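[1] Got a predicted structure plus its sequence, pasted below:
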Amino acid sequence: MANKIYYLASCDTCRKIIKSLPKDNNLVFHDIKQDPITIEELEAMYALSGSYEALFSKKAQLYKSMGLKDKNLTEDDFKKYILEHYTFLSRPVFIIDGEIFIGNTQQNMLKVMKALEK
């Protein structure tokens, strides 16, 4: 499996992170708006993370506007919403050497950089 980054090209944070990556990163870039993630890709992410909720962005505007924060969402719900709309995928998601890194926290990005150095 190729090392991959799932990101949103229109997201300033994603663009900033991509600029900071080492030049010879050998990543396959996957813009989730231009090319929505498939159920197979999401299930592969799930297999690595162990949870659809871990992949779900509670910062998404739609999360608030749809009133989802007031609902008791299940793993099936998280999966359904991620597949329905790209904004629900917490991004960026890196898959490097069979390990998954979700989100843009500083701690997570340090782990990504270390994984890319190998």
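    Cool, got the structure.
[2] which residues sit in contact with residue 87?
    Residue 87 is in contact with 8, 57, 60, 61, 62, counting by CB atoms under 8 Å, 6 or more residues apart in numbering. Glycine gets a C-beta too; all of them are placed from N, C-alpha and C.
[3] one more time with 10 Å, if that's ok
    Going by CB atoms under 10 Å, 6 or more residues apart in numbering, residue 87 touches 8, 11, 32, 33, 57, 59, 60, 61, 62, 63, 81.
[4] which of those residues sit farthest apart?
    Across those, the longest distance by CB to CB is 17.8 Å; it joins 11 and 81.
[5] Mind checking which of those two has more residues around it?
    The neighbour comparison of residue 11 against residue 81 (other CB atoms under 10 Å) goes to residue 81, with 21 against 18.
[6] Can you tell me the number of residues neighbouring residue 96?
    20.
[7] does the nearest residue to it once chain neighbours are set aside sit in a helix, a strand or a coil?
    Using CB to CB, 6 or more residues apart in numbering and skipping the chain neighbours, the partner closest in space to residue 96 is residue 115 (4.3 Å). Per DSSP: H, G, I helix; E, B strand; the rest coil, the local secondary structure of residue 115 is helix.
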